[in-house]
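**Q** for reference, the sequence and a predicted model appear below.
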Amino acid sequence: MAMNEKLVSTIVLSSLTAAMLSLSGCSSSGDTAAATPLPAVDADLYDGSGAADVAERHVANDGTISATTFAAPAVTPVAKPADITKTPAEIAAATVLTGDIIADTTLAVGTLYKINGLVKVKNGAVLTIEPGTVIFGSVGEDFLVVTAGSQIVADGTEALPVVFTSETALLDPTAAAVGQWGGVTVLGLAPTNHDAPFYEVDENDPDFAFGNALAGEGDAADNSGILRNVAVLNSGKTIAAGLEINGLSLAGVGSGTVVENIYIENSSDDCIEIWGGTVNVNSATMINCGDDSFDLDYGYVGTADNIVVVQTALAHAGFEISSGGDNPMTSPEIKNFSITKIDGSDEGGIYIKDDTTAPTFGNGFVTAPGAVDAGIHTKLAFSADQKGQIAFRGVTLTSGVDYDGSGAADVQEKFEAQGAAISLTKPADITKTPAEITAATELTGDIIADTTLAVGTLYKINGLVKVKNGAVLTIEPGTVIFGSVGEDFLVVTAGSQIVADGTEALPVVFTSETALLDPTAAAVGQWGGVTVLGLAPTNHDAPFYEVDENDPDFAFGNALAGEGDAADNSGILRNVAVLNSGKTIAAGLEINGLSLAGVGSGTVVENIYIENSSDDCIEIWGGTVNVNSATMINCGDDSFDLDYGYVGTADNIVVVQTALAHAGFEISSGGDNPMTSPEIKNFSITKIDGSDEGGIYIKDDTTAPTFGNGFVTAPGAVDAAIHTKLAFSAEQKAQIAFKDVYLKK
């Protein structure tokens, strides 16, 4: 990070760390986290009359967003199985599994099973293990391999997990340790980036082949069975350098396989290693693994979600990610994760081992204290392909050294460019000829009956077009609608609906005639915009859409503040782009790109792309509508303006200013029945300096949003990251909250 930049995030890890330590038996009863002291208010980050108030709330960082709705780096550790101690007599009476299992076999709960030596499930056999069954080994050479084309169905429950463990630990849980038996290996037929790979323990054993004889080939949906609510304890064996049995090995395993709620503790090598394949790992907790906890290689491209790593002794990387090839690169999506590192291995919390590795990391914590291990360690400088693909989103490093190794500068650049939101794609070129423009079907006046705009027909908005009298305007995917001047705009009145339900490939596009004829001439203010009015509550009595407060069709909400239909349905706006819009009628009277006034939660607003608005990109006056995924680029006033008691949720919001403009988010209220108190999560604001309204502008003292998992970049001397107009009211200060929000100068 450049020395003149500041990156501030107030993240409280004490509860997570305590939970992790309790899993490993290292909790400290009676300890409480010290309160974070409030530093002197930094005017670069907070300014205005409420600067001290908002700084206190940001530093407190004790947001009220619930775990069920907040996609922050919150992980839920998988519980360790209950005590399953056995007597010597029970051990002696165990049913022995040995050699090859070549026919469908069930291991029944109530019977104790011992793996003796190498046990293979092969010839297409299915090994079914009932919930609550316990299987153990006695030495490192006792291990289970499910060969490619065969299956394991170990489908435990939370109350009755399937447990693999050691004889030593069964007899005396206090003697549990790493390396007391082998482990579990599953081989499949999904693609890898190596030709004819073999499970490394014996590369001459034909039963150990996995994937396909050609790199990149194989069955991506291959099904090796189910591993759900499974624990693998006290495992691992080093055969020779680079030849190890891990707690759980997945090699060429396909996406048809279920791997969910896995608990690994005490492995002398890796907890989980994945060689290629497409399998998704949903919820895995890995504690005290002697090498890497989570090792991904050979072109693995699945998703790993809710991953917890806790080192309790010196070990290698939390995540080691390598590839050895680029067909495909190892490029998993790893999200909702936590790594707690012990310092001293020099491989870091995350170890990116080569230049054909390009994972996407989302919503994670890496805690790597000390001077030896960096938060992210790199072996090589990044390749161009790798640098183009590797990504971080909502990832926090708590480390003595953030980045090191030959690719330190590359990973730092990618990490510090991260946003908490995924930007939507601008629609493809839709240039039209003058003849097509001339032949466009004109929309004018009032639409008072259900009407469909069909794909393949070009439509022109002429003047103010209202959808009213309960009519439904349906716009087919791929349809293009344009205006020619600022006075050309569409208003869907309260009680009517718009159903513009595009697709990613065929969005509904509103744009200007100028831009249709020449995309290089696209600019702000070339036509009006889209306004939707509804009947949901606001905090103003009898409000009207501001463009004409004397027009009865422009009424929205309810005649009484706080009244209305919270679930009101104004239709669907999904995969919709509004381009080159906006019109200033008079001071304070403007047409925005998209205006939502009193719109209810029954309305779908999803995947919205706004670019080039002369006023706001999106303005919301009251209501309860949820906005899911919206990208706003180059808006001349505020990008995202919330007012009049809006109480919905805005998720995955991207704001990019490319020219001087006002706030990234402007949040005001004008009343407290209700206060404007949305939940805004997974957001990114990139500000141009100079407006003095800041990245986030909190405009009055009846505004109490909850901000979660966000990035605000506000470079320069004029704009603070968060600007406030007024000192906070007591009620506002009690409710406004931040959780995992970065402020960067």
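**A** Yep, it's here. Residues are numbered from 1 along each chain as shown.
**Q** helix or strand next in line after the helix or strand of the chain at the bottom of the mean pLDDT ranking, which one?
**A** Lowest on mean pLDDT, DSSP states H and E among the helices and strands of the chain sits helix 14-23, with a mean of 32. Remark: after helix 14-23, the chain's next helix or strand is strand 46-48, criterion DSSP states H and E.
**Q** for the helix or strand that that next one is followed by, buried residues please.
**A** Sequence order places helix 51-60 as the next helix or strand after strand 46-48, per DSSP H and E. By 16 or more other Cβ atoms under 10 Å, the buried positions in helix 51-60 come out as A51, A52, D53, V54, A55, R57, H58, V59, A60. To be clear about C-beta, it is placed using only N, CA and C from the backbone, and glycine gets the same treatment.
**Q** just those residues now: which is nearest I226?
**A** Within these, the smallest distance to I226 is 43.7 Å, found for A60 (Cβ to Cβ).
**Q** ok, the closest one to G495 distance?
**A** To G495, A60 is 43 Å away according to Cβ to Cβ, to the nearest Å.
**Q** again with G582
**A** Counting by Cβ to Cβ - G582 and G495 are separated by 26 Å.
**Q** out of these two, which sits in the more crowded spot?
**A** More crowded of G582 and G495, by other Cβ atoms under 10 Å: G582, with 27 against 16.
**Q** so who does the spatially most central residue of the chain touch?
**A** The C-alpha lying nearest the average C-alpha coordinate of the chain belongs to G362 (Cα atoms, centre = their mean; 5.2 Å). For G362, the contacting residues are E333, I334, K335, N336, F392, R393, G394, V395, by Cβ atoms under 8 Å, 6 or more residues apart in numbering.
**Q** name the element it belongs to?
**A** Taking DSSP H and E as the definition, G362 sits inside strand 360-368.
**Q** where along this structure do the helices fall?
**A** Here the chain has its helices, by DSSP state H, at 14-23, 51-60, 88-92, 167-171, 384-389, 408-416, 434-438, 513-517, 730-735.
**Q** including distance to S669, could those go into TSV?
**A** Putting these into TSV (distance: least, Cβ to Cβ, whole Å) gives the following:
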stretch	distance to S669
helix 14-23	32
helix 51-60	15
helix 88-92	67
helix 167-171	59
helix 384-389	42
helix 408-416	34
helix 434-438	43
helix 513-517	35
helix 730-735	9
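**Q** please identify which of those helices is closest to A190.
**A** Closest approach to A190 among the helices of the chain (Cβ to Cβ): helix 384-389, 20.3 Å.
**Q** give me the contacts around the closest one.
**A** With Cβ under 8 Å, 6+ apart as the test, helix 384-389 has contacts from D326, M329, S331, D355, T356, T357, A358, T360, D410, E413, K414.
**Q** going by distance to G645, which of those residues wins?
**A** T360 (37.1 Å).
**Q** show the model's pLDDT score for that closest one.
**A** For T360, the pLDDT comes out at 92.
**Q** same question for the one 10 residues further on.
**A** The predicted local confidence for G370 comes out at a pLDDT of 88.
**Q** so it sits right up against G348, yeah?
**A** No. Assessed by Cβ atoms under 8 Å, G370 is found out of contact with G348, at 10.9 Å.
**Q** the more surrounded of those two?
**A** G348 (30 against 13).
**Q** run a quick neighbour tally on the closest residue to A43 other than its chain neighbours.
**A** Spatial nearest neighbour of A43, chain neighbours left out: A720 (6.7 Å); criterion: Cβ to Cβ, 6 or more residues apart in numbering. Counted with other Cβ under 10 Å, the neighbours of A720 add up to 28.
**Q** what's A720 in contact with, if anything?
**A** Taking Cβ under 8 Å, 6+ apart as the test, what A720 contacts is A43, D44, L45, Y46, D47, G48, A51, G694, G695, A714.
**Q** for it, give its distance to M632.
**A** Distance from A720 to M632, counting by Cβ to Cβ: 20 Å.
**Q** same question, V253
**A** Taken as Cβ to Cβ, the span from V253 to M632 is 41 Å.
**Q** cool, and G598?
**A** According to Cβ to Cβ, G598 and M632 sit 21 Å apart.
**Q** with neighbour numbers in mind, choose between those two.
**A** Shown here are G598 and M632; by other Cβ under 10 Å, G598 has more neighbours (32 against 29).
**Q** is it true that that one touches A542?
**A** No. Taking Cβ under 8 Å as the definition, G598 is not a contact partner of A542, at 10.9 Å.
**Q** residues bridging contact with those two, i.e. touching both?
**A** Any residue near both G598 and A542 by Cβ under 8 Å, 6+ apart counts here, and that gives G557, N558.
**Q** now for P519, how many residues are close by?
**A** Neighbour count of P519, defined by other Cβ under 10 Å: 14.
**Q** what do you get for the one 4 residues further on?
**A** A total of 13 residues lie near A523 under the criterion other Cβ under 10 Å.
**Q** which residues touch it?
**A** A523 sits next to T514, A515, N580, N612 when contact means Cβ under 8 Å, 6+ apart.
**Q** and of those, the nearest to D100?
**A** If you rank the contacts of A523 by distance to D100 using Cβ to Cβ, N612 comes first, at 66.9 Å.
**Q** relative to its centroid, which residue of this protein is most remote?
**A** The centre of the chain is farthest from one residue, A89, which by Cα atoms, centre = their mean lies 50.2 Å away.
**Q** where does that residue land on pLDDT?
**A** Note on A89: pLDDT of 97.
**Q** can you check T238 too?
**A** At T238, the predicted lDDT confidence score is 84.
**Q** surely it meets N246?
**A** No. Contact criterion Cβ under 8 Å: T238 and N246 do not qualify, at 10.4 Å.
**Q** pLDDT weak spots in the stretch 401-550 of the chain?
**A** For the stretch 401-550 of the chain, the stretches with pLDDT under 70 are 420, 422.
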